[in-house]
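A.B. asks: using only what follows, build the 3D model:
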Amino acid sequence: MLSKPSADSQESLLLDRKHRCIIERIARKYTQGTSVIWEDALQTAFIKVLEAIKAGRFRHGGTEEFYRWATVVARYEIIDFVRREIRRQCSSLDQIVPGTDLSVLETIPDELNLFDTVERADLTLHVMSVIDSLNQRYPERGYLQIWQGQIQGKKQATIAQEMGITQPEVSKRRRELILRVARELGLLPIPEAKGERQQVQKRTKTQW
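C.D. replies: Alright, predicted model coming up:
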């Protein structure tokens, strides 16, 4: 029968490359589709395992049993960590979007059809950040004003009048915004993303 590894040897076993790769895959799996950084989840998992080792939680078995035990401890800690992070992010959903009387949770149009791929709350925060970034990169497109007008329930004709452009142009920029947001979030197939970029480049050349 294999003897139980000592606490010091247990800690050294955690440095095994194969074991670390297994825990890394678990961290990547449970953070995929969220804004949680997998490296943070991985580090938290190893800290949890070390704490469990020092507390003498592993009581029976040899090296193989230890690795199975450590993997289970790490997996549950990663799951808990991701849940804690998402709950923390969700606490930001009550904040009011500047220029509106709506909370973050109410701001993303259903037309984006992105909620099927990631947690609603996490995606909402992602989309807000992306739209803000796009608005700074393309200030002449008025993305933020179009988005805010839409979540306020304004008609495109009203938004167009406020921006000094035509209603068809508002509609065009809105579709353009949706494509760019989807691309930034990695939700567009590569060919479609390339096509959208080519359309934007073509339009830019035409304008010049």
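A.B. asks: what average pLDDT does stretch 14-31 get?
C.D. replies: Stretch 14-31 carries an average pLDDT of 86.
A.B. asks: swap that for stretch 76-86, please
C.D. replies: Per-residue scores along stretch 76-86 average to 85.
A.B. asks: who touches it?
C.D. replies: With contacts defined as Cβ atoms under 8 Å, 6 or more residues apart in numbering, stretch 76-86 is touched by 23, 26-27, 30-31, 34-36, 40-42, 44-45, 48-49, 119, 121-122. For the C-beta atoms, the positions are set from N, CA and C on the backbone; glycine is no exception.
A.B. asks: how about it: buried residues?
C.D. replies: Within stretch 76-86, the residues that count as buried by 16 or more other Cβ atoms under 10 Å are 77, 78, 81, 82, 85.
A.B. asks: could you do stretch 138-151 as well?
C.D. replies: 141, 142, 143, 144, 145, 146, 147, 148, 149, 150, 151.
A.B. asks: do stretch 174-187 as well
C.D. replies: Buried residues in stretch 174-187, defined by neighbour count with 16+ other Cβ under 10 Å: 174, 176, 177, 178, 179, 180, 181, 182, 183, 184, 185, 187.
A.B. asks: tell me the one of those nearest residue 164?
C.D. replies: residue 174 (16.2 Å; Cβ to Cβ).
A.B. asks: pretty sure the closest one contacts residue 156?
C.D. replies: Yes. Taking contacts as Cβ atoms under 8 Å, residue 174 lies within contact range of residue 156: 7.5 Å.
A.B. asks: now, which of the buried residues of stretch 138-151 lie within helices?
C.D. replies: 143, 144, 145, 146, 147, 148, 149, 150, 151 (DSSP state H).
A.B. asks: ok, back up a step: between the buried residues of stretch 76-86, which is nearest residue 136?
C.D. replies: Nearest to residue 136 among the buried residues of stretch 76-86: residue 85, at 26.1 Å, using Cβ to Cβ.
A.B. asks: residue contacts, the nearest residue to residue 46 once chain neighbours are set aside?
C.D. replies: Once flanking residues are discounted, residue 46 sits nearest to residue 14: 6.5 Å by Cβ to Cβ, 6 or more residues apart in numbering. Counting by Cβ under 8 Å, 6+ apart, residue 14 makes contact with 20, 46, 49, 50, 70.
A.B. asks: cool, and residue 26?
C.D. replies: Residues near residue 26 by Cβ under 8 Å, 6+ apart: 45, 71, 74, 75, 78.
A.B. asks: determine which two of those residues are furthest apart.
C.D. replies: Spatially, the most separated pair among the contacts of residue 26 is 71 and 78, at 10.5 Å (Cβ to Cβ).
A.B. asks: the contacts of stretch 76-86 in helices, which ones?
C.D. replies: Among the contacts of stretch 76-86, DSSP H puts 23, 26-27, 30-31, 40-42, 44-45, 48-49, 121-122 in helices.
A.B. asks: among these, which ones are buried?
C.D. replies: Buried residues within the ones in helices among the contacts of stretch 76-86, defined by neighbour count using 16+ other Cβ under 10 Å: 23, 26-27, 30-31, 41-42, 44-45, 48-49, 121-122.
A.B. asks: residue 63: which of the buried residues of stretch 76-86 is nearest?
C.D. replies: Here the nearest of the buried residues of stretch 76-86 to residue 63, counting by Cβ to Cβ, is residue 77; it sits at 21.0 Å.
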